[in-house]
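Predicted structure and sequence below. I'll ask about it afterward.
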Amino acid sequence: MLTLRHKWSTRHNSVARMTKLTNRVLMLQPKAAGFVALFVAAGTVLIVAYAGSGFFVVLSPQQGVIQGNAGIVSNASAVDGSAVKFGLQTPAPPTPTPSPNPGSSPSPSPTGASGCSANGVVAPCVGGPTTGAAGWGTPAFDEEFSGSALNTSVWDAHDGWTNQNNVTDHASNVSVTGGEAILTLVSSGSGAAIETKSYALPVGGFAEARVEFPGSGTTIYNWPAWWISGPNWPTDGESDIAEGLGTLTVNYHSPSGAHNQGTVPGTWSNAYHIYGISRGPSSCKVYWDGTLVKTYSTDDTGKGENLILTAGSGNTGAYGTASEVKVDYVRAWN
């Protein structure tokens, strides 16, 4: 039995559109369970029945039963309102590979759980931890931490900062090894932070990082965070994409105050997960492992926001190896 998840558009909230099976496009508007359509395309007879609860069944005498979900797929990250999501049992249909822009070289496609790809290039993880949203092209910012030390032409390792998450940040508490950046809380007063020097996420952009936060079960140790922030706080806004406050949470700060979005249920400690944000002109959407977990309104100035990772002190304390915030990559699209 083949499970498919087809291409949808959020601009058609009442119409479930199935992509071409052969040389025809079938339009479905399910309202009640039962028979929907019978048609012939390229010599293949297809019977489409709506089973209710947003689920349809396509029966083909030649190919057996094809099942599909008729629910609308939300995709806030794609500016044109479209995205591609596929079930794990079904490979994506072939799509033409876009020609690279002159003078640019496409980033290599990640494999396995390390990231997402679509159309042969690295893509935002929207729809699942290994399936990217189409149409974004090469990232505008891509840090894979492949060297033996932090790339200080890209990152500022805060050194001597005393105003973040109850610690003084020290550059010596940041290391890069084995394709990971590691931020360590050495003691209750000695932490770490890295921030992009020149790249800032614009309105309309999408940023994500693959991070392992320290903790046990649903408890997150200390005060670690992956976040974005404008040059003037809080006027230019701050979005905490994943912030450890005992549990792992999402939060927003702006001229109108703190807007805590709360805990995202689940076990997020001691394993890598992909945390992303789609920044709109008046709202943000946060995705964890490709799933939309929080949506909130924004009222900041809309200026570009730097990408930041921190290891601070608070909540359930742990130090040294037990405190490590590990970062596999940081990527952003404009």
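Arrived safely, thanks for sending.

Now do stretch 295-310: distance from first to last residue.
End-to-end distance for stretch 295-310, by Cα to Cα, to the nearest Å: 23 Å.

And for stretch 212-220?
End to end - Cα to Cα - stretch 212-220 spans 10 Å.

For that stretch, buried residues please.
Neighbour-count burial for stretch 212-220 flags 212, 213, 214, 215, 219, 220 (criterion: 16 or more other Cβ atoms under 10 Å). (C-beta placed from N, C-alpha, C; glycine too.)

For the nearest residue to residue 244 once chain neighbours are set aside, what is the enclosing helix or strand?
Leaving out its chain neighbours, the residue that sits closest to residue 244 by Cβ to Cβ, 6 or more residues apart in numbering is residue 220, at 3.5 Å. Here residue 220, judged by DSSP states H and E, is contained in strand 219-220.

Check which helices and strands the helix or strand just after that strand sits against.
Counting by DSSP H and E, the next helix or strand C-terminal to strand 219-220 is strand 223-229. Packing contacts for strand 223-229, counted by 3 or more Cβ pairs under 8 Å, 6 or more residues apart in numbering; DSSP states H and E, involve strand 206-212, strand 238-244, strand 272-279, strand 305-312.

What's the local residue count around residue 162?
10 (other Cβ atoms under 10 Å).

what about the closest residue to it other than its chain neighbours, how many residues close to it?
Excluding its sequence neighbours, the residue lying closest to residue 162 (Cβ to Cβ, 6+ apart) is residue 168, at 4.8 Å. Residues lying near residue 168 (other Cβ under 10 Å) number 17.

Give me the distance between residue 168 and residue 191.
7 Å (Cβ to Cβ, to the nearest Å).

so where is the chain shaky, pLDDT-wise?
Applying pLDDT under 70 to the chain flags the ranges 1-113, 163.

if you set the cut-off to 90 instead, what comes out?
1-115, 119-121, 128-131, 161-165 (pLDDT under 90).

Longest strand in it, please.
strand 190-201 (DSSP state E).

name the helices or strands packed onto that one?
Against strand 190-201 (3+ Cβ pairs under 8 Å, 6+ apart) you get strand 155-157, strand 168-169, strand 180-183, strand 305-312, strand 325-333.

for it, which positions count as buried?
Of the residues in strand 190-201, those buried (16+ other Cβ under 10 Å) are 190, 191, 192, 193, 194, 195, 196, 199, 200, 201.

can you redo those residues as JSON lines with distance to residue 284?
Below are these laid out as JSON lines (distance: Cβ to Cβ, whole Å):
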{"residue": "190", "distance to residue 284": "32"}
{"residue": "191", "distance to residue 284": "26"}
{"residue": "192", "distance to residue 284": "25"}
{"residue": "193", "distance to residue 284": "22"}
{"residue": "194", "distance to residue 284": "22"}
{"residue": "195", "distance to residue 284": "19"}
{"residue": "196", "distance to residue 284": "18"}
{"residue": "199", "distance to residue 284": "18"}
{"residue": "200", "distance to residue 284": "15"}
{"residue": "201", "distance to residue 284": "10"}
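
So which of these is the closest to residue 180?
Nearest to residue 180, judged by Cβ to Cβ, of the buried residues of strand 190-201 is residue 194 at 12.5 Å.

hang on, the earlier thing: packing partners for the strand holding residue 220?
Against strand 219-220 (3+ Cβ pairs under 8 Å, 6+ apart) you get no helix or strand.

returning to what we had before: now the angle between strand 325-333 and the longest strand of the chain, please.
Using axes from the mean of the first three to the mean of the last three Cα atoms, to 10 degrees, the inter-axis angle of strand 190-201 relative to strand 325-333 is 10 degrees.

how far off strand 238-244 does strand 190-201 point, in degrees?
140 degrees.
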